[in-house]
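> got a sequence here, can you build the structure:
(chains A, B, C and D)
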2 protein chains.
Amino acid sequence: MSNLSTTSDEILTSARALIMTGGYNGFSYADIAAVVGIRKASIHHHFPSKTDLVRTLVVRYREDAEAGIAGLERQVRDPLALLKAYASHWAQCIEDASRPFCVCALLASELPALPPEVAAEVKAFFRFASTWLTSVMDRGLKDGSLTLSSEPRVEAEAFMASVHGAMLSARAYGTPEVFATILAPTLQRLTPTAAR
Amino acid sequence: MSNLSTTSDEILTSARALIMTGGYNGFSYADIAAVVGIRKASIHHHFPSKTDLVRTLVVRYREDAEAGIAGLERQVRDPLALLKAYASHWAQCIEDASRPFCVCALLASELPALPPEVAAEVKAFFRFASTWLTSVMDRGLKDGSLTLSSEPRVEAEAFMASVHGAMLSARAYGTPEVFATILAPTLQRLTPTAAR
DNA sequence: GACAGTCTTCCTACTGGAAGGTAGATAAAC
DNA sequence: GTTTATCTACCTTCCAGTAGGAAGACTGTC
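You can find the predicted model right below:
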């Protein structure tokens, strides 16, 4: 059982990287086969259809995100610090080019053209991220560690939009630093005056 | 000469709509042919390759945007009002589903997988939008009609990121109103205290 | 004003390759 | 001896793109 799931993991990993660069229609089974070193047909053994593959990948992506957030919450308590950690996590992923774009952000942009099963999982990712960020904003409002100018839910949506938009700009300009540059004033604005 | 360019315009218009829903690899010449009512081969007469077609489309898209902005600048002088007009233009496009997504935002997300000629034009669009927004922020800073918490250029990038991110969220949730909800606090923050 | 030649636009018919996916065999693992 | 993972070989459909021709519109010449 030790490496029983290794091949399917490799398939998912390479598919994730390929989606991150070109979206759902930007890769094929042949591309994955070339990376993993197996034949196209073997991929169909693990994932009967492309829809299965990408749906599984998005589910896994969300589970990884949930685990990452849970781990972060264990280490960091302060709401502002949580938002900063989240932003700098992405800043690092973009700057070292390891994960230059959010899989679900890219898929969401193509949402109307996606198989319904995949679209549903992408929407679920957005709901998860929104729920978490809203809870962070809520805690920040209650303990005064965040300065909100709107309801927590609206602040959460605005924050997520900034992250996704900043990601897009970093890609468009080809300058990863733009991400951090854009996020800085957003985080600054959420910081209580006393802590500045 | 009256309708000499009509077919090529129809091709560009339908291609734009198709790109807006599924990106560069989300449509084919066959799709356009079905919409316009001509054969695939006829499209190649107007646009020899798909790269030509999409490059032309993006150039046109930017020219249209430039003309739209120029028209807006003639009608509206106040920087804050300009930003509000820009935001509500998109809010309307998204809500009436006429232009549910920015062509260049979608293409930018697939940037690494795009033909270089197309990628270059997409980048040019981002530079144009950024330059214009920076000039608006600059004027707002100088005449005091905007409250900036960073340099004009950074504010401009942050504003553009919010617009693109809000667009994405509206699409992901399937709720167009989210766009305006996210932009509201952004515009609020830029409004001078005296004018609130 | 008629004719000839050219240009524009669109057509049918086709090509080579890539797409997602299937059938069925093989061989090792449990 | 069944299950798992992989293979070769193949299928169908779709893709971008090409060749070559038909029909009409435009243009220059007599």
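
> got the residues of chain A near DNA strand C?
By CB under 7 Å from any atom of the strand, the residues of chain A that approach DNA strand C are A:1, A:27-31, A:40-41, A:44, A:48-51. Any C-beta I mention is one placed from the backbone N, CA and C, and that applies to glycine too.

> if you set the cut-off to 6 Å instead, what comes out?
The interface of chain A toward DNA strand C, taken as CB under 6 Å from any atom of the strand, is made up of A:Ser28, A:Tyr29, A:Ala30, A:Asp31, A:Lys40, A:Ala41, A:His44, A:Pro48, A:Ser49, A:Lys50.

> which one of these is nearest B:Ile19?
Taking CB to CB as the measure, A:Ser28 is the one of the residues of chain A next to DNA strand C closest to B:Ile19, at 20.0 Å.

> circling back to that earlier point, going through the residues of chain A next to DNA strand C, which ones are buried?
A:Tyr29, A:Asp31, A:Lys50 (16 or more other CB atoms under 10 Å in any protein chain shown).

> the last one and chain B, how far apart?
This points to A:Lys50. Distance, A:Lys50 to chain B, using CB to the nearest CB, to the nearest Å: 13 Å.

> that residue against A:Ala30, yeah?
No: with contact defined as CB atoms under 8 Å, A:Lys50 does not reach A:Ala30; the gap is 11.7 Å.

> find the nearest non-adjacent residue to the most centrally placed residue in chain A, please.
Compute the mean C-alpha point of chain A, and by CA atoms, centre = their mean the closest residue is A:Cys102, 4.0 Å away. What sits nearest to A:Cys102 in space, not counting adjacent residues and going by CB to CB, 6 or more residues apart in numbering or on different chains, is A:Met167, at 6.3 Å.

> tally of neighbours for that neighbour?
30 (other CB atoms under 10 Å in any protein chain shown).

> show me what the helix or strand that it is a member of is packed against.
Using DSSP states H and E, A:Met167 falls within helix A:152-173. Packing partners of helix A:152-173 (3 or more CB pairs under 8 Å, 6 or more residues apart in numbering or on different chains; DSSP states H and E): helix A:79-95, helix A:103-109, helix A:116-143, helix A:177-190, helix B:103-109, helix B:116-143, helix B:152-173, helix B:177-190.

> closest one to A:Thr6 among the ones you listed?
helix A:103-109 (20.9 Å).

> other SSEs contacting the closest one?
Against helix A:103-109 (3+ CB pairs under 8 Å, 6+ apart) you get helix A:6-22, helix A:50-75, helix A:116-143, helix A:152-173, helix B:103-109, helix B:152-173.

> follow-up on the earlier one: run through the residues of chain A next to DNA strand C and flag the ones next to DNA strand D.
Restricting the residues of chain A next to DNA strand C to contacts with DNA strand D (CB under 6 Å from any atom of the strand) yields A:Ala41.

> quick one: which of the residues of chain A next to DNA strand C is nearest to DNA strand D?
Nearest to DNA strand D among the residues of chain A next to DNA strand C, counting by CB to the nearest atom of the strand, is A:Ala41 at 3.2 Å.

> kindly reformat the helices and strands packed on helix A:103-109 as a markdown table containing mean pLDDT and distance to B:Pro185.
Output for those, formatted as a markdown table (pLDDT from 0 to 100; distance: least, CB to CB, whole Å):
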| stretch | mean pLDDT | distance to B:Pro185 |
| --- | --- | --- |
| helix A:6-22 | 95 | 30 |
| helix A:50-75 | 97 | 24 |
| helix A:116-143 | 98 | 12 |
| helix A:152-173 | 98 | 6 |
| helix B:103-109 | 98 | 21 |
| helix B:152-173 | 98 | 9 |
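
> how far away is A:Pro115 from A:Phe128?
The gap separating A:Pro115 from A:Phe128 is 20 Å, by CB to CB, to the nearest Å.
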